[in-house]
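Colleague: make a model of this:
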Amino acid sequence: MSTPESFRRTKIIATLGPASNSAEVLEALLQAGVNIVRLNFSHGDAAQHAALAEMARSIAARLGREVGVLVDLQGPKIRIEKFAAGRVSVRAGQPFELLCQADAAAGDEHRVGVSYLGLVTDVHPADTLLLDDGLIALRVESITGTSIHTTVLTDGVLSNRKGLNRLGGGLSLGALTMKDRDDIVAAAAIQAEFLAISFCRNAEDMHEARRLARAAGFDPALVAKIERAEAIDALGEIIDASDAVMVARGDLGVEIGDAELPGLQKKIIRESLERNRVVITATQMLQSMVDNPIPTRAEVLDVANAVIDGTDAVMLSAESASGAYPVKAVQSMTRICLGAERQFEFDTNFEKEPRNLQYADQAIAMATMFLAEHIKVRAIIALTETGGTARFLSRFRSAVPIFGLSRHQTARRRMAMMRDVFPVAFDSRGLAPRDAAREAVQQLFTAGLLGTGDKVIFTSGEYMELKGATNTLRLLEVGPHGAAQGVGDL
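Modeller: Numbering: from 1, shown residues only. Modelled structure (predicted):
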């Protein structure tokens, strides 16, 4: 029997790309432990992304797995334009000009165009601009017309289309570009379970994305990518306006400085959990595995610390999209997560939990977890329409695994991103709550997920098939042949 204790609780997101776009590699990734596939809309076209989503879902169905699809919008990434020679070398102390012109000529060692023409009004003398994830720094000296005159601060090589950030943030461009608006329509055609909004600044950016998604005909779980300095100041409102939050450490680290990043990562994880949101930790988690078959010790500690801090999911980017060892990267991530989870301290302080709960399913979740910590139960079974009850349960970070049972495929795929939650297909239509409890226990017993003598807590609604109607919990014991005994409402 696959005991709940052997399950990996932290979920793994893998970005698909040239290294992982074949059926053979994609199946190996899912077998290695991938729960969510990420489609990076900064690359490729709608047809390619749709084919990858269909392939992932088809393979997952054959394997009996639930896999979610995350569409990651490109957002207003500012980049320098192309060089005539493809790349140039720059030296500290030399002047360098940024041209905010739509018709700027191909660049050279003295100047290059930029993709965001409004940059000329957003920067001021003495600002520091960072190129290529901070490898090249420029100090703004003056602005003349459509030209930004700078001095190079660090030696290095610049190549085509590298990213540009302003140290400390403060650029005024919005989160959703015209490309993003078109890509939301493409994501709707895929019916992606998750939609990530890049470079969001405030709650209104998230509200606008939700309006656009619904207008396109779907209602995905919105993921706010925290990667701008401005987003830190509006963190609470952004979390509240989102369904999930991603600690996008690449551009965030460039804008705020790498020394501030570890503390902010912990803050974002903590506040996301406190506000009942799913949280993802991303960017360069196993970066060395783009070229090497094993991670560095520092990378192992990085992933483990995110797990111990309580992140729901950890994400692979180039490691699985374009690296030489995509399957080994997922296998390493799985191994590290399992090791870190063994060090995780499950100690919920119910005295600090909120008292003024808004919904009945939140109250049931708290009561369930309180019982789970004081009664030796093997698992929690949450019968849910949307996955909301499972999400509330998972916020408490209990030692008890949660089986999220739903007849809705979208709900199960969304639960695939929630830590401690293991989605299971279960059709409760036509069943009274007590009968549903008995059949759920029997199904899990037959699948080898429960054994005779196990105690479980079952949560459901008094009225079945209603969204947000969870208001009942039952303490059950698994009898011979999977029969649920001692059924009683609590």
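
Colleague: quickly list the domain ranges of the protein.
Modeller: Domains of the chain are assigned by automatic domain parsing as 4-75+174-341, 87-166, 350-485.

Colleague: of all the ones you listed, which one comes closest to residue 81?
Modeller: Among these, domain 87-166 comes nearest to residue 81, with 3.7 Å by CB to CB. Bear in mind the C-beta positions are built from the backbone N, C-alpha and C, glycine included.

Colleague: what about the closest one, distance to the chain center?
Modeller: 32 Å (CA atoms, centre = their mean, to the nearest Å).

Colleague: and it, end to end?
Modeller: One end of domain 87-166 to the other measures 22 Å (CA to CA, to the nearest Å).

Colleague: which regions of the stretch 201-350 of the chain lie under the pLDDT threshold?
Modeller: 345-350 (pLDDT under 70).

Colleague: let's have the domains of the chain in JSON lines, adding distance to residue 81 and mean neighbour count.
Modeller: Converted to JSON lines, those look like this (distance: least, CB to CB, whole Å; neighbours: other CB atoms under 10 Å):
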{"stretch": "domain 4-75+174-341", "distance to residue 81": "16", "mean neighbour count": "20"}
{"stretch": "domain 87-166", "distance to residue 81": "4", "mean neighbour count": "17"}
{"stretch": "domain 350-485", "distance to residue 81": "36", "mean neighbour count": "19"}
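
Colleague: check residue 38 and give its pLDDT.
Modeller: The model reports residue 38 with a pLDDT of 98.

Colleague: so what does it look like in phi/psi?
Modeller: phi -110, psi 130 (degrees, to the nearest 10).

Colleague: and if you look at residue 150?
Modeller: The phi/psi pair for residue 150 (degrees, to the nearest 10) is phi -130, psi 170.

Colleague: now residue 337: how far from residue 245?
Modeller: According to CB to CB, to the nearest Å, residue 337 stands 19 Å off from residue 245.

Colleague: oh sorry, the question was meant for residue 211
Modeller: 19 Å.

Colleague: now do residue 445
Modeller: Taking CB to CB, one finds residue 445 at 36 Å from residue 245.

Colleague: where exactly do the strands run in the stretch 101-250 of the chain?
Modeller: Remark: strands assigned in the stretch 101-250 of the chain by DSSP state E, counting those that start in this stretch are 111-113, 128-131, 136-144, 147-152, 156-159, 164-166, 194-197, 221-226, 244-248.

Colleague: what is the longest one packed up against?
Modeller: Contact partners of strand 136-144 among helices and strands, from 3 or more CB pairs under 8 Å, 6 or more residues apart in numbering; DSSP states H and E: strand 95-99, strand 128-131, strand 147-152.

Colleague: 7 Å instead, please
Modeller: When contacts are defined as 3 or more CB pairs under 7 Å, 6 or more residues apart in numbering; DSSP states H and E, strand 136-144 packs onto strand 128-131, strand 147-152.

Colleague: a markdown table for these, including distance to residue 52 and mean pLDDT?
Modeller: Below are those laid out as a markdown table (distance: least, CB to CB, whole Å; pLDDT from 0 to 100):
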| stretch | distance to residue 52 | mean pLDDT |
| --- | --- | --- |
| strand 128-131 | 31 | 96 |
| strand 147-152 | 39 | 98 |
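
Colleague: list the contacts for residue 344?
Modeller: 307-308 (CB atoms under 7 Å, 6 or more residues apart in numbering).

Colleague: let's verify it: helix, strand, or coil?
Modeller: Secondary structure of residue 344, reduced to three states by DSSP: H, G, I helix; E, B strand; the rest coil: coil.

Colleague: where's residue 475 relative to residue 375, distance?
Modeller: 7 Å.

Colleague: what do these two both touch?
Modeller: Contacts common to residue 475 and residue 375, judged by CB under 7 Å, 6+ apart, are residue 455.

Colleague: ok, which of the helices and strands packed on strand 136-144 comes nearest residue 417?
Modeller: strand 128-131 (31.3 Å).

Colleague: what pairs with the closest one, parallel or antiparallel?
Modeller: The strands beside strand 128-131 in its sheet (DSSP bridges) come out as strand 136-144 (antiparallel), strand 164-166 (antiparallel).

Colleague: I'd like to know which of these is closest to residue 454.
Modeller: strand 164-166 (52.4 Å).

Colleague: rounded mean pLDDT for that closest one, please.
Modeller: Here the average pLDDT along strand 164-166 is 94.

Colleague: again, but for stretch 20-27
Modeller: 97.

Colleague: start at 32 instead
Modeller: Sure thing, new numbering starts at 32, so read that last one as stretch 51-58.

Colleague: so what's the gap between that stretch and the chain middle?
Modeller: Distance, centroid of stretch 51-58 to centroid of chain: 21 Å (CA atoms, centre = their mean).

Colleague: ok, residue 418 - contacts?
Modeller: Counting by CB under 7 Å, 6+ apart, residue 418 has contacts 435, 437, 442, 445-446.

Colleague: oh sorry, the question was meant for residue 142
Modeller: 127-128, 130.

Colleague: just send those residues back as CSV, with pLDDT and distance to residue 411 too.
Modeller: Shown next, in CSV, are those (pLDDT from 0 to 100; distance: CB to CB, whole Å):
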residue, pLDDT, distance to residue 411
127, 98, 59
128, 98, 61
130, 97, 59
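
Colleague: got CSV for those, with distance to residue 452 too?
Modeller: Converted to CSV, these look like this (distance: CB to CB, whole Å):
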residue, distance to residue 452
127, 51
128, 53
130, 51
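
Colleague: which of those residues sits closest to residue 319?
Modeller: residue 127 (31.1 Å).

Colleague: who does the closest one form a beta bridge with?
Modeller: residue 181.

Colleague: for it, list the residues it contacts.
Modeller: 121, 141-142, 169, 181, 183.

Colleague: JSON lines for these, including distance to residue 200?
Modeller: Shown next, in JSON lines, are the contacts of residue 127 (distance: CB to CB, whole Å):
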{"residue": "121", "distance to residue 200": "24"}
{"residue": "141", "distance to residue 200": "28"}
{"residue": "142", "distance to residue 200": "25"}
{"residue": "169", "distance to residue 200": "16"}
{"residue": "181", "distance to residue 200": "18"}
{"residue": "183", "distance to residue 200": "22"}
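
Colleague: with that, I have no additional questions.
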